[in-house]
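>>> make a model of this:
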Amino acid sequence: MSDTNGPFKLIIDADLHNLSVIADFISTSMQKFGISKEEHGVQTAVGEAVTNVMKYAYSGKGGQITMTCDMKDHSFIVVINDHGKPFDPNSIPQPDLNASLENRRIGGLGLYLMKKYMDEVTFSFKEDTGNTLTMKKMLAGI
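Okay, the predicted model is just below:
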């Protein structure tokens, strides 16, 4: 199913102060597509993704993030694009969820949470378009 009102697009500065604006954008987009049940997980995945872009791709020095939300084939799709440092998801070690809190590495859960809450997570990098993260959430009954 594709909604004639989408896709919805947001271009925003990569600043941690904008996390609430991004959360509102995701929430509003989902509401416009008639989705509410999956909102918490999608919000968590997107929050982790954009925080990583802000902290690591742009090293906290700013830049822009372009985000689109769309609905296709019973899936809510979020695409996040930035022009920061290239990201290779294979360079991130799997978190040890069984380690005690004092033995756990700080950070490293972002990619894990994205994959936990979304059904499909793909990354690509091209010189001219930068980093593109696409996350899909399959929706039953839509």
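
>>> so residue 111: helix, strand or coil?
Under DSSP: H, G, I helix; E, B strand; the rest coil, residue 111 falls in the helix class.

>>> that one and residue 89 touch, don't they?
Yes - with contact defined as C-beta atoms under 8 Å, residue 111 counts as touching residue 89 (6.0 Å). Where C-beta positions appear, they are placed from N, C-alpha and C, glycine not excepted.

>>> list residues touching both of the two?
The contact sets of residue 111 and residue 89 do not overlap (C-beta atoms under 8 Å, 6 or more residues apart in numbering).

>>> check the gap between the spatially most central residue of the chain and residue 76 for me.
Nearest to the centroid of the C-alpha atoms of the chain, with distances taken as C-alpha atoms, centre = their mean, sits residue 46, at 3.2 Å. Distance of residue 46 to residue 76, computed by C-beta to C-beta, to the nearest Å: 11 Å.
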